[in-house]
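> A structural model of the following input is requested.
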Amino acid sequence: MVEVRQYKTIKEEAIHEIDIQKSRFISHIFPVASEDEAKACIERIRKEHWKATHNCFAYTIGENQAIQKASDDGEPTGTAGVPILEVLKKQRLEDTLVIVTRYFGGIKLGAGGLIRAYSNSTSEGLKVANVIERIPSQTIRIQISYPLLGSIENALRQSSYIVKDMHYTENVLIDVYVKLVEVDLFKKWITDITNAQCQLETIETGYLDKIIEN
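Numbering: from 1, shown residues only. I've put the predicted structure just below:
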């Protein structure tokens, strides 16, 4: 059974690089479901970028960011891991790991400059990774006869519901994503507009992932 909660996370792994005062800042973004998974990703990046000056990171895992951890990895205390973590907290992201790899370019940035650099690297990297809202939902299958297809398609098109798939068999089968909190409302709505000339079946319960535009 899916957890009945809505939360924000990252859709996919991503990499983004920016140059600041001749230093390279490479942000690595990962969706992670546990601390073990986060640690494995951190170890992977450390091996991949073993010549880097620093591999700083932060992650938040679990409901309401229950688990939080940050590391400056040799940068002055509070200038790298915490700024990364603050971006994750501000955006209310869960199950998300950000590692920022720095190759020092010879120019010192100072505490303020480092904080801005690691914050900006994180923010820009998150844009590439795509922030999503995970919405608890059910896939409801509507079974109707062909004469009803046109009117039902039009009603769905004008609604906020998202059609996942359509199957043309002896009858028409339309699979629709419905937010968990709207399931009863949806069933009543579709029953009313078809004059009860439909069959409804729950295909699966899961999450509808909605990309949040930056």
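> adjacent strands (with direction) for the worst-scoring helix or strand of the chain on mean pLDDT?
Here the helix or strand of the chain ranked lowest by mean pLDDT, DSSP states H and E is strand 199-211, holding a mean of 91. Sheet pairing here is set by DSSP bridges, and for strand 199-211 it gives strand 131-144 (antiparallel).
> which positions within the partner strand qualify as buried?
Within strand 131-144, the residues that count as buried by 16 or more other C-beta atoms under 10 Å are 131-132, 134-144. C-beta coordinates here come from the backbone N, C-alpha and C atoms, glycine included.
> so residue 121, which state does it fall into?
Classification of residue 121 using DSSP: H, G, I helix; E, B strand; the rest coil returns helix.
> list the residues that contact it.
Going by C-beta atoms under 8 Å, 6 or more residues apart in numbering, residue 121 touches 16, 18, 25, 26, 27, 84, 100.
> for it, give its distance to residue 29.
10 Å (C-beta to C-beta, to the nearest Å).
> overlap of the contact sets of the two?
Shared contacts of residue 121 and residue 29 (C-beta under 8 Å, 6+ apart): residue 16.
> between the buried residues of strand 131-144, which is nearest residue 95?
residue 134 (9.0 Å; C-beta to C-beta).
> distance check, that closest one against residue 13.
17 Å.
> now residue 193
Here residue 193 is placed at a distance of 42 Å from residue 13 (C-beta to C-beta).
> what are the bridge partners for residue 101, then?
With DSSP bridges as the rule, residue 101 is bridged to residue 26, residue 55.
> surely it touches residue 55?
Yes: counting by C-beta atoms under 8 Å, residue 101 touches residue 55, with 5.2 Å between them.
> neighbour count for residue 193 and residue 13, which is higher?
Neighbours per residue (other C-beta atoms under 10 Å) separate residue 193 from residue 13, with residue 193 holding more: 17 against 14.
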